[in-house]
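Peer 1: fold the following, please.
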Amino acid sequence: MGDEKITKYLNLLNKYGRLDIESAPLDKPNLLDIATGHGKYAIAAALAGYKVTAFDSRPDRIPSYYKGIQWKIADLKEFCYRGYEVVNCLGIFYHLTLEGQLKLLSDLRDTPLIIMDTHLSTYALRVMPGGYEGSDFEEVLTDPRSSFDDPVAFWHNRKSFLKILKDSGYKIIEEVEQIPNRSFYVLRRL
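Peer 2: Sure, this is the predicted structure:
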């Protein structure tokens, strides 16, 4: 992963991550990095002063050489998400089924700030329950960058992605960067 992506991520944290909860700024918010993979975003956040917990379901993906982070091996479908002011949901949402996406958004309902990126479908081949539109994406379960246990993921089109976020209670949805078929968002329930 290039330095440019890390720099952009750190700019997002600097702009949005120093939360003001009950009029008291948090100097070192608790940050959770879901499905951390290579862990570079978690390491960047830790170096920027966040108290970081990062997890992945594949032990061989966790870069445990960096000691300033609480590394965990966990399944995102069973993880307890309470107690974090900031959650990175980077590179995982588009690897989930629609049901998995709805569950994850529900599990994150008490998180003040979520930084999320996702691939978006450019068309709607399927209309799912709830009116969500997009396309199926076949996962290669033996590829460590693919889903841990979902053989088929659901990719929303842009309209459907915004709908699932609004339906899940997010009042503030800010698209902060867009690259072809992939977008970065800051989500808040405030």
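
Peer 1: which elements pack onto the stretch of helix or strand residue 43 belongs to?
Peer 2: Residue 43 is part of helix 40-47, with elements assigned from DSSP states H and E. Contacts defined by 3 or more CB pairs under 8 Å, 6 or more residues apart in numbering; DSSP states H and E place helix 40-47 against helix 3-12, strand 30-33, strand 51-56, strand 86-90. In this view, the C-beta of every residue, glycine as well, is placed from N, C-alpha and C.

Peer 1: go with 7 Å
Peer 2: The contact analysis (3 or more CB pairs under 7 Å, 6 or more residues apart in numbering; DSSP states H and E) places helix 40-47 against helix 3-12, strand 30-33, strand 51-56.

Peer 1: where along this structure do the helices fall?
Peer 2: Taking DSSP state H as the test, the helices found in the chain are 3-12, 40-47, 98-107, 158-167.

Peer 1: out of those helices, deepest packed?
Peer 2: Each of the helices of the chain was scored by mean neighbour count; the highest is helix 40-47, a mean of 22, by mean count of other CB atoms under 10 Å.

Peer 1: distance from the chain centre to that helix, please.
Peer 2: 14 Å (CA atoms, centre = their mean, to the nearest Å).

Peer 1: that helix versus strand 51-56: what angle between them?
Peer 2: Following axes from the mean of the first three to the mean of the last three CA atoms, to 10 degrees, one obtains 170 degrees for the angle between helix 40-47 and strand 51-56.

Peer 1: same question for helix 40-47, mean pLDDT?
Peer 2: Mean pLDDT, helix 40-47: 92.

Peer 1: picking up where we left off before, closest to residue 150 out of the helices and strands packed on helix 40-47?
Peer 2: Ranking those by proximity to residue 150 (CB to CB) places strand 51-56 first, at 15.1 Å.

Peer 1: any idea how far the closest one is from the chain center?
Peer 2: How far strand 51-56 lies from its chain's middle: 12 Å, per CA atoms, centre = their mean.

Peer 1: and it, what does it pack onto?
Peer 2: In this structure, strand 51-56 makes packing contacts with strand 30-33, helix 40-47, strand 70-73, judged by 3+ CB pairs under 7 Å, 6+ apart.
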